[in-house]
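Asker: Need coordinates for the below:
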Amino acid sequence: MASVTALVGIVAASVALATPSVTNTVAAHSSHATFTKAVARVPAAKARVVRVTGEDFSFNAPDIVPAGLTEFRFLNKGPALHHLAILKLGGGKTVEDLRAALANPGPPPAWVKELGGPNAPAPGLEANATLMLEPGNYALICFVDIGGPPHFAKGMVRPLRVVPAKGASAPRPRADLTMKLVDYSYKLSSPIRAGTRTIRVQNVGKQHHEVELVQLAPNATVADFMKWLEKMEGPPPGKPLGGVAGMEP
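Answerer: A predicted model of the protein is given here:
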């Protein structure tokens, strides 16, 4: 299962960033002349927003949400790192079945599908990820295992029921760039520029991957952060901002 210490990234995920508006053109007049004068740009339907908070060691989240495009906004209110991994449970399985499966070592059972979700922001920060939900049983879970048992073993796992929605789902947000996860690297369609950006994340590798975005401290390097990960002693040389939790290929 996923571990935030791996630092290695649903389709259409806005990573710790807001989603920009997408506009369409509409008019309700019959004549061509009137039409050209009356054309107005209006925002397209946006993803449904689901807010979740995490603390040591529980989630505060809704029990039921409608199907469709859904933006999960995860606020870390605890003093430690947490993330929000979203699992789809097939075959009529429930969170109780998941707990029983997690009690045994080894890979997850075939009826567990890892969809992603907001990866770990630093305490006090919020991360987000947008994904398409189908009706069924899901689990919200934290796999972070820094300095002890994984957080789900301490209570950070809860059910989420997705029910059929009324009306059409919002379209996927337009991405500024695409990040492809391969074994073992990242491939960007273009550089990530400063500002609000929506990044589409695709796992095209042969195994599970995740993305964690870290803002390095002044004068710190990636090598400094990787060295800190080995023991995680003292303050980290960077600030975790979020990303995308574990995704299946």
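Asker: from here on, contacts and neighbour counts on C-alpha atoms
Answerer: Will do.
Asker: counting contacts, what elements does the longest helix that the chain contains pack onto?
Answerer: Secondary structure of the chain per DSSP state H: the longest helix is helix 222-231. Packing contacts for helix 222-231, counted by 3 or more Cα pairs under 8 Å, 6 or more residues apart in numbering; DSSP states H and E, involve no helix or strand.
Asker: for that helix, which positions count as buried?
Answerer: For helix 222-231, the neighbour count (16 or more other Cα atoms under 10 Å) marks 225, 228-229 as buried.
Asker: Pick out whichever of those sits closest to residue 133.
Answerer: For these, the minimum distance to residue 133 (Cα to Cα) is 33.2 Å, reached by residue 229.
Asker: Need the worst-confidence member of the buried residues of helix 222-231.
Answerer: Minimum pLDDT for these is recorded at residue 229 (85).
Asker: Next, work out how far apart that one and residue 51 are.
Answerer: For residue 229, the distance to residue 51 (Cα to Cα, to the nearest Å) stands at 29 Å.
Asker: Residue 86 should be in a strand, yeah?
Answerer: Yes: looking at residue 86 with DSSP: H, G, I helix; E, B strand; the rest coil, it is inside a strand.
Asker: Find the nearest non-adjacent residue to it, please.
Answerer: Residue nearest to residue 86 in three dimensions, not counting chain neighbours: residue 140, with 5.0 Å by Cα to Cα, 6 or more residues apart in numbering.
Asker: tell me which element that neighbour falls in.
Answerer: Element membership of residue 140, judged by DSSP states H and E, is strand 136-141.
Asker: For whichever helix or strand comes after that strand, which strands pair with it and how are they oriented?
Answerer: Using DSSP H and E, the helix or strand that follows strand 136-141 in sequence is strand 157-163. The strands beside strand 157-163 in its sheet (DSSP bridges) come out as strand 64-66 (parallel), strand 136-141 (antiparallel).
Asker: And the next helix-or-strand element following strand 157-163, what does it pack against?
Answerer: The helix or strand immediately downstream of strand 157-163 is strand 177-182, counting by DSSP H and E. Strand 177-182 sits against strand 185-188, strand 199-203, with contacts defined as 3+ Cα pairs under 8 Å, 6+ apart.
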